[in-house]
Each structure stands twice: as structure tokens, then as C-alpha cells.
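sequence plus predicted model, see below.
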Amino acid sequence: MPVDAERILVFSKVLHGDLGAAQLWFDQHVLDKYRGLSGYRVIRTDSAGRVRSPAWSVDFGIAGGDTLIHLPAKDVAERLPEAERDHWRDHVQALPLSRNFLMMRIGGGACIDDGEVRNW
């Protein structure tokens, strides 16, 4: 399946309400913490991998020429222990964001006046 078809499939699921299909991307160095830790194992194939600890595991996709990994947001929320989330947050990769828009949506919903309203 071509990459564009895969993206369409994932985003179609998200746009139809399956928010668990939404992917989060991380620098692959997030895995460095677990390599060599007693009881932990980081394994992979060409396109997918897993971090396994004595108490939890998460599966991930491998992209970007092995520089990025990705996994469903639902897995991050449900399978990754709370104590690990700050570590993963520090390795998150994302497209550029509008700070003002995020503040409007996350910070109470107030409109932020950052310029004249105009057609686009």
C-alpha cells in the first residue's frame, strides 16, 4: 500500500471518530533509556518494534529512515506508565503549531487578538 494510501486510511479513521488511531511521533532516541536496562528489551523488524519492560510494553512503527518512531495516542495514554510519559514527551516530534490557536483551545477558549480579521 503506498504511503499516501496509509495516511488516508489512518486519518479517515481519526476523522470518523477513532481518535485512538491518531499517531504520535517521537525521536527514536526515546528508546535509548530502555536499552541495557535490566528486565527491558527493545526489539524491531524493518518497520515495527516493541519496548518491553517487566510491567508494560508498547509497540511502535519505524519511519523517517529509522529516525522516528510512531504509535497510537491511545497506546501512549493507556499502555505507557505515567512515570514514563515525561521522558516520552521530551522526545516528541511534531509539525509546526500555531501557539495562539493552541492557547485559544487549551487555555480556556478565549479569542486572542493577534491581527486584523481578513479573507484567506
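Noted; the coordinates are in hand.

the helices in this protein, which residues?
3-15, 73-79, 82-89, 99-106 (DSSP state H).

okay, these, which one's buried deepest?
With neighbours taken as mean count of other CB atoms under 10 Å, these reach their highest mean count in helix 73-79, at a mean of 14. Heads up, the C-betas are built off the backbone N, CA and C, glycines and all.

what's the mean pLDDT across it?
Per-region confidence: helix 73-79 scores 94 on mean pLDDT.

can you list contacts of that helix?
Residues from elsewhere that reach helix 73-79, judged by CB atoms under 8 Å, 6 or more residues apart in numbering: 19-24, 56-59, 85, 88.

tell me the spacing between the residue nearest in space to the middle of the chain and D59.
For the chain, L24 is the residue whose C-alpha lies nearest the centre (CA atoms, centre = their mean; 1.2 Å). As for L24, its distance to D59 is 13 Å (criterion: CB to CB, to the nearest Å).

list the residues that contact both of those two?
In contact with both L24 and D59: L71, using CB under 8 Å, 6+ apart.

so what touches the longest strand seen in the chain?
Using DSSP state E, we find that the single longest strand of the chain is strand 57-63. Here strand 57-63 makes contact (CB under 8 Å, 6+ apart) with 23, 25-26, 28, 44, 46-51, 68-71, 75-76, 79-80.

using PyMOL, define a selection of the buried residues within the residues you listed.
The following PyMOL line selects those of these that are buried, judged by 16 or more other CB atoms under 10 Å:
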select buried, resi 23+25+26+28+49+51+68+69+70+71+75+76+80
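
sort out for me which of the contacts of strand 57-63 are in strands.
Taking DSSP E, the ones among these that sit in strands are 23, 25-26, 44, 48-51, 68-71.
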